[in-house]
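A.B. asks: I would like the atomic coordinates for the input below:
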Amino acid sequence: MAEKKHKWNVNDLPDLSGRTAVVTGANSGLGLAATDALARAGAHVVLAVRDTGRGRAAAAKVPGSTEVRRLDLADLSSVREFADGWDRPLDLLINNAGVMMLPEQRTADGFEMQFGTNHLGHFALTNLLLPHVTDRVVTVSSGLHRGGDGMIHFDDVNLRGTYTPTRAYAQSKLANLLFVLELQRRLTEAGSRVRALAAHPGYAATNLQSHHANPLARLGMAVGNRLLAQDDRAGALPTLYAATQDLPGASYVGPDGLGEMRGAPTLVGRSRAASDPAAARRLWTLSEEMTGVTWTLGTRAL
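C.D. replies: Coordinates of the predicted model:
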């Protein structure tokens with residue numbers, strides 16, 4: 001009888017002693033699961049959260065070395081404050097936090113909430129922290145980057161007058177993948193050893209789905225969470241795999257099961273739109289203009 005092939009899991013994490021990680025949105029769901037796994041493997045994990053009270057409650061459940069710092073990705077002044085307070089090497093930045101299919105809202109800076117939080121907040125945070133990063137940046141996207149209109153609405157990324165929760169979410173997740181593509185290109189050009197990678201959790205049961213603007217969709221997702229989804233610990237595995245395994249820059253990791261909905265982490269494909277280098281450069285330029293945060297690494301090798 002053939003021996004069953006080993007599937008990568010949390011027990012395969014390497015020893016991370018002496019390494020420091022920042023995980024955004026770490027107080028619940030995928031972020032907390034990733035934080036717990038990284039801390040158990042020996043890393044010092046900084047929970048970057050909007051609500052520090054909830055962050056401290058979450059950190060208290062995590063064995064190992066942790067600290068909590070405030071970060072509101074929907075407010076660029078908070079992003080800058082977090083980055084200004086960072087003064088040491090950072091091995092790993094995990095851009096995990098996100099909002100999903102909300103009623104139309106705006107960030108503190110006037111951006112559409114999903115694009116502003118999921119993409120622009122992480123874009124600014126990554127660029128501001130990048131001089132400290134020594135190993136890699138992992139950004140969490142979604143299989144739903146293929147949804148919506150399948151494009152970035154460069155004429156109006158804030159979707160004024162054309163907003164739907166699904167269109168906005170899909171655009172933000174597509175932006176995550178284009179950001180990783182262009183970030184890796186720039187890192188390579190600068191001679192940096194830092195790698196940018198992306199991951200998606202498949203269909204994982206988290207509290208994100210409970211915020212859908214449509215009550216019927218919320219009900220359907222609640223049923224799906226119970227019957228179809230994998231739990232948040234399984235959903236965090238692609239992120240952990242991308243964060244610790246020797247993978248090429250710009251790699252995209254997701255579950256290996258049917259439709260990439262669940263399963264062990266593996267390299268997966270992305271849409272044609274998410275592989276467009278011209279769109280990635282255009283999005284980068286637009287993101288610099290919107291956030292006021294620019295690329296500063298230049299040609300300095302890390």
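A.B. asks: going by C-alpha atoms from here, please, whenever you check contacts or count neighbours.
C.D. replies: Will do.
A.B. asks: alpha carbons of stretch 283-292, as PDB, please.
C.D. replies: In PDB, the C-alpha atoms belonging to stretch 283-292 read as follows (Å, rounded to 0.1, in the frame of the first residue of the first chain):
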ATOM      1  CA  LEU A 283      -1.700  50.900  -9.000                       C
ATOM      2  CA  TRP A 284       1.600  51.600  -7.100                       C
ATOM      3  CA  THR A 285       1.800  55.200  -8.600                       C
ATOM      4  CA  LEU A 286      -1.900  55.800  -7.700                       C
ATOM      5  CA  SER A 287      -1.300  54.400  -4.200                       C
ATOM      6  CA  GLU A 288       1.600  56.800  -3.600                       C
ATOM      7  CA  GLU A 289      -0.500  59.700  -4.700                       C
ATOM      8  CA  MET A 290      -3.400  58.700  -2.500                       C
ATOM      9  CA  THR A 291      -1.400  58.000   0.700                       C
ATOM     10  CA  GLY A 292       1.500  60.400   0.300                       C
END
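A.B. asks: list the contacts of it.
C.D. replies: For stretch 283-292, contacts defined as C-alpha atoms under 8 Å, 6 or more residues apart in numbering pick out 76, 120, 123-124, 154, 175, 178-179, 182, 293-294.
A.B. asks: please redo it, this time with the cut-off set to 7 Å
C.D. replies: Under the contact criterion C-alpha atoms under 7 Å, 6 or more residues apart in numbering, stretch 283-292 has outside partners 120, 124, 179, 294.
A.B. asks: same check on stretch 56-63?
C.D. replies: Here stretch 56-63 has contacts from 27, 36, 39-40, 66, 68, using C-alpha under 7 Å, 6+ apart.
A.B. asks: next one: stretch 189-200
C.D. replies: With C-alpha under 7 Å, 6+ apart, stretch 189-200 has contacts from 134-143, 177, 180, 183-184, 187, 238-239, 242, 249-254, 297-302.
A.B. asks: try 8 Å
C.D. replies: For stretch 189-200, contacts defined as C-alpha under 8 Å, 6+ apart pick out 133-143, 176-177, 180-181, 183-184, 187, 235, 238-239, 242-243, 248-255, 297-302.
A.B. asks: wait, which of the contacts of stretch 56-63 is closest to residue 268?
C.D. replies: Residue 268 lies nearest to residue 36 out of the contacts of stretch 56-63, by C-alpha to C-alpha, at 24.9 Å.
A.B. asks: out of the contacts of stretch 56-63, which comes closest to residue 91?
C.D. replies: Using C-alpha to C-alpha, residue 39 comes nearest to residue 91 of the contacts of stretch 56-63, at 13.5 Å.
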